[in-house]
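1. A structural model of the following input is requested.
(4 chains)
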Protein chains: 2
Amino acid sequence: MNTNCAVCSNRSSCFNTLSINELQKVSENKNEILFRKGETIIKQDASAKHIYFIKSGLAKVHVQDESKNLILEIAGKSSMLGITVLNHNKRYNFSATAMENVEVCEIDIDVISNIITNNVAFSSTIINELNVSIDKLLTKVFCLSQKNIQSRMAELLVSFSDQTFKSRSFTIPMSRTDLAEITSMAKENVVRILKEFEGQGYIKVNGKHFEILDYDRLSKLC
Amino acid sequence: MNTNCAVCSNRSSCFNTLSINELQKVSENKNEILFRKGETIIKQDASAKHIYFIKSGLAKVHVQDESKNLILEIAGKSSMLGITVLNHNKRYNFSATAMENVEVCEIDIDVISNIITNNVAFSSTIINELNVSIDKLLTKVFCLSQKNIQSRMAELLVSFSDQTFKSRSFTIPMSRTDLAEITSMAKENVVRILKEFEGQGYIKVNGKHFEILDYDRLSKLC
DNA sequence: TTATTTTTTTGATATATATCAACAAATTTA
DNA sequence: TAAATTTGTTGATATATATCAAAAAAATAA
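-> Now for the predicted structure:
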């Protein structure tokens, strides 16, 4: 069950920069785990001991306080979770929860930190990954603070189509409340806006199954 | 006017990890520039040729589109601007504008990239810096999307007191519109909330001069 | 299967926040 | 200095969005 990283076809491209010895070290310090729907992969404020690599399934990445919850991202295959705490935080500054069955590789954070301090090509790819995250966060913070709820919902549907599901037709493993927590709106408004978009002929909705009918006009709303 | 980085007492702690040769290389590929109030230091979407290190003065870091502007951060002494595009973007994904006279070191991005691919201790400090930025962005995105305008304004005043000015009493080099663009609210509401806080005895405001009178109760609003 | 719980949907209403308009104050320009 | 422009302030109003409540539908448990 515990594939050697050296021969793993699923691994992150980051790992292409590792030596045989380093891959061996990672292999020896990783676990493959199946998280079931609803299970917590990473808990905000818990001490950061691992980074996680998603092999299959979708997980929500979210930040919480006592009463509020904001979903930052739906992470899928090939996502690395936890690198944003490297060299900085001792605790995770976000949570990750499985939205369906999710297979992950759990890797010791010390092993990764150690490779970073020795392998300059690897740390360079980590810098790249972090900057991709920052880029997404910049888009997110601008979108959430400056755009109206229609525009935010349109943007979400387009990103589902382009990135998450890579298809104009998809089934989401999440509730209306989840959609509300991604777009930072009331769940009742999720229902109303989806209905509005359906009325305009932009999309077709059937429970959790979505179809993008007019991608261009939907994009224009963003 | 062009101090050698090897002997510069202002330099970022990141540069402590550089060799004599690397410091020499940086020195040869940097400019010291004085930006005057209102001048653009970094323009969003412009091709990324430099990173900037602030030696003195305050600059706003902001993201824009045709009609909206969101200020992410007030960057001061010792801030590095532009490292979030390393290894990833060819263009800046934010703007930076001087709010008062700002002295900066402008360093060739290629020189920095080159050091990153050779000096593992330096890239480790960059990873740390990036993760500090991500941490701030996570706080920002949660605050802007989940908290009301009173809470956002309280948080801003506390951060001015704790981080930006490191004093309970400070004079801000920015307009009410700037405050509105940091907290993502209408400028009229900035005026109203400041007045409300003054009425509650939390702060004292005189034009651009602020005094925090009841830090604890102000903090509780956040 | 029926019963129970959870999620989704709808309409009515409340509320937070933005916008508008007009004026005052401060700053800049002539 | 006065004139012009920008910035700050206030109150009235509009609007976007959230909340509440109740019913319908779907999922889960008995």
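
2. How many residues are close by A:Ser67?
-> 6 (other Cβ atoms under 10 Å in any protein chain shown). Quick note: C-beta positions are derived from backbone N, CA and C, even for glycine.

3. quick one, phi/psi of it?
-> A:Ser67 has phi and psi values of phi -120, psi -20 when expressed as degrees, to the nearest 10.

4. Any figure for the gap between the nearest residue to A:Thr183 once chain neighbours are set aside and B:Leu213?
-> Taking Cβ to Cβ, 6 or more residues apart in numbering or on different chains, and ignoring the residues beside it in sequence, A:Thr183 has A:Arg152 as its nearest neighbour in space, at 4.3 Å. Using Cβ to Cβ, to the nearest Å, one obtains 38 Å as the distance from A:Arg152 to B:Leu213.

5. higher neighbour count, those two?
-> When neighbours are counted by other Cβ under 10 Å, A:Arg152 comes out ahead of the other of A:Arg152 and B:Leu213, with 21 against 16.

6. In which helix or strand does that one reside?
-> In this structure, A:Arg152 sits in helix A:149-159 according to DSSP states H and E.

7. Check A:Glu32 too.
-> With DSSP H and E as the criterion, the answer for A:Glu32 is strand A:30-35.

8. same deal with A:Arg11?
-> With DSSP H and E as criterion, A:Arg11 is part of no helix or strand.

9. Nearest residue to it in space, ignoring adjacent ones along the chain?
-> Leaving aside its sequence neighbours, A:Arg11 is closest to A:Cys5 (5.9 Å, by Cβ to Cβ, 6+ apart).

10. ok, now how distant is that neighbour from A:Tyr92?
-> A:Cys5 sits 23 Å away from A:Tyr92, going by Cβ to Cβ.

11. which parts of chain A sit against DNA strand D?
-> Within chain A, the positions lying close to DNA strand D (Cβ under 7 Å from any atom of the strand) are A:Asn148, A:Ile149, A:Gln150, A:Ser184, A:Met185, A:Ala186, A:Glu188, A:Asn189, A:Gly207.

12. what bridges to the residue sitting nearest the centre point of chain A?
-> Nearest to the mean C-alpha position of chain A, counting by Cα atoms, centre = their mean, stands A:Ala75 at 2.0 Å. Beta-bridge pairing for A:Ala75 (DSSP bridges): A:Ala59.

13. repeat for A:Ile42
-> Here A:Ile42 sits in beta bridges with A:Ala96, going by DSSP bridges.

14. neighbours around it, how many?
-> For A:Ile42, which is what you asked about, the neighbour count (other Cβ under 10 Å) is 23.

15. A:Leu156 is in contact with A:Leu179, isn't it?
-> Yes: in this structure, A:Leu156 sits in contact with A:Leu179. The criterion is Cβ atoms under 8 Å, and the distance is 7.0 Å.

16. mind checking the SS state of A:Lys55?
-> With DSSP: H, G, I helix; E, B strand; the rest coil as the basis, the three-state label of A:Lys55 is strand.

17. and the lengthiest helix in chain A, how far from the chain's centre?
-> For chain A, the helix that runs over the most residues, judged by DSSP state H, is helix A:120-146. For helix A:120-146, the distance between its averaged C-alpha position and the chain's averaged C-alpha position is 12 Å (Cα atoms, centre = their mean, to the nearest Å).

18. what does chain A have sitting close to DNA strand C?
-> In this structure, chain A approaches DNA strand C at residues A:175-177, A:187-188, A:190-192, A:194-195, A:205, A:207-208, judged by Cβ under 7 Å from any atom of the strand.

19. Scan those residues and report the most crowded one.
-> Going through these with other Cβ under 10 Å as the criterion, the one with the most neighbours is A:Val190, at 22 neighbours.

20. looking just at contacts, which helices and strands does the strand holding A:Glu32 meet?
-> Applying 3 or more Cβ pairs under 8 Å, 6 or more residues apart in numbering or on different chains; DSSP states H and E, one finds that strand A:30-35 makes contact with strand A:102-108.

21. Show me which positions of the following helix or strand past the strand it packs on end up buried.
-> Of the helices and strands lying after strand A:102-108 in sequence (DSSP H and E), the nearest is helix A:109-116. Residues of helix A:109-116 classed as buried: A:Ile109, A:Val111, A:Ile112, A:Ile115, A:Ile116 (neighbour count, 16 or more other Cβ atoms under 10 Å in any protein chain shown).
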